[in-house]
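S.K.: A predicted structure for the sequence below; I have some questions about it.
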Amino acid sequence: MSYIGTTKIGKMYLGNTEISKAYLGNDLVFQKGGGPTPPPTPVLPEGYTALEYIENPLGNSAYIDTGIIPNNNIGFEIDWMTYDDIGSSNYGCIMGSRYASNTIDFQISSYTGTPGWSGSLRLGGQGQNYNAALPAKNTRFSASLKSGVYKCGTTNTNTSANLSNSSYTIVVFSLRITYSASNQNGHGRLYGLKLYDGTTLIAHYIPCTNPSSEVGVYDRVSESFKKSGNNSYQFVAGPTI
């Protein structure tokens, strides 16, 4: 027996044909006559409401402080939509942390400073800028950096990092420059974000509202809620899931 929510299901069909087993990836989620199966563990704690995304509108300055300092093994998977013009003078920083100008710099943003580029990924000084190949604004996309390989759309780039002396935490929807988040805010929608140290997942952010109806993300790794770090600007909630 399996469940949808708390409702038991005794039979499952593919079209008009009854099936005896069903898998989600490699996990067996249904087996006819297989005995009781407890309901799945909820993604969020009781009182939290999952959202399709959280939004930082144009002109807004909300951001999330991850509390995570980047290093040479930093990795991420991000599901995002930018409202900022790609390649404009507006940095539109999706996330980042910078020790000082052009040195020990981790960021992904819409700004490039390089004609013909469509956003930039930086993993150190100016010599470690990579074309982020972001799509036009108002287009949802996924990008990842894992084990030194950056992927976005058809872009597949080998990278190297020079972040060993980084000292400041990564912020999302902005760029931290030394001690504080800068005014180089990225505007758009965050659908989901995972951060890695090598192959170890160190943050898994799910857009949501908390029991007090505040808008932010729930981190499944630290089991904590994060709202805007700027008390003057808050996130806008997307549709509930």
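M.R.: Thanks, I have it. Everything quoted here is computed from the prediction, not taken from an experiment.
S.K.: So which residues make contact with stretch 195-203?
M.R.: With contacts defined as Cβ atoms under 8 Å, 6 or more residues apart in numbering, stretch 195-203 is touched by 66, 68, 71, 73-77, 146-147, 170, 193-194, 219, 221-222. Every C-beta, even on glycine, is put in place using the N, C-alpha and C of the backbone.
S.K.: State the phi and psi torsions of the most centrally placed residue in the chain.
M.R.: Among the residues of the chain, Leu193 comes closest to the average C-alpha position under Cα atoms, centre = their mean, at 1.7 Å. Torsion angles at Leu193 (phi, psi; degrees, to the nearest 10) stand at phi -150, psi 130.
S.K.: beta partners for it?
M.R.: Under DSSP bridges, the beta-bridge partners of Leu193 are Ile78, Tyr205.
S.K.: Next one: it from Ser20, what distance?
M.R.: For Leu193, the distance to Ser20 (Cβ to Cβ, to the nearest Å) stands at 38 Å.
S.K.: Please apply the same query to Gly216.
M.R.: Distance, Gly216 to Ser20, by Cβ to Cβ: 43 Å.
S.K.: quick one, what contacts Pro135?
M.R.: Residues near Pro135 by Cβ under 8 Å, 6+ apart: Ile86, Ser118, Phe141, Gly153.
S.K.: Wait, the last one touches Thr139, no?
M.R.: No - with the criterion set as Cβ atoms under 8 Å, Gly153 and Thr139 do not qualify as a contacting pair; they are 10.1 Å apart.
S.K.: ok, now how distant is Arg176 from Met95?
M.R.: Per Cβ to Cβ, Arg176 is found 9 Å from Met95.
S.K.: Give me the common contacts of the two.
M.R.: In contact with both Arg176 and Met95: Ile170, using Cβ under 8 Å, 6+ apart.
S.K.: The nearest residue to Ala132 once chain neighbours are set aside: neighbour count?
M.R.: Using Cβ to Cβ, 6 or more residues apart in numbering and skipping the chain neighbours, the partner closest in space to Ala132 is Gly119 (3.5 Å). Using other Cβ atoms under 10 Å, Gly119 has 23 other residues around it.
S.K.: Local confidence estimate at Gly119?
M.R.: Looking at Gly119, its pLDDT stands at 93.
S.K.: same deal with Pro115?
M.R.: Listed pLDDT for Pro115 reads 76.
S.K.: OK, contacts around it?
M.R.: The contact partners of Pro115, by Cβ under 8 Å, 6+ apart, come to Gly87.
S.K.: got the phi/psi numbers for Asn210?
M.R.: Torsion angles at Asn210 (phi, psi; degrees, to the nearest 10) stand at phi -90, psi 180.
S.K.: again with Cys93
M.R.: Dihedral pair for Cys93: phi -70, psi 120, per degrees, to the nearest 10.
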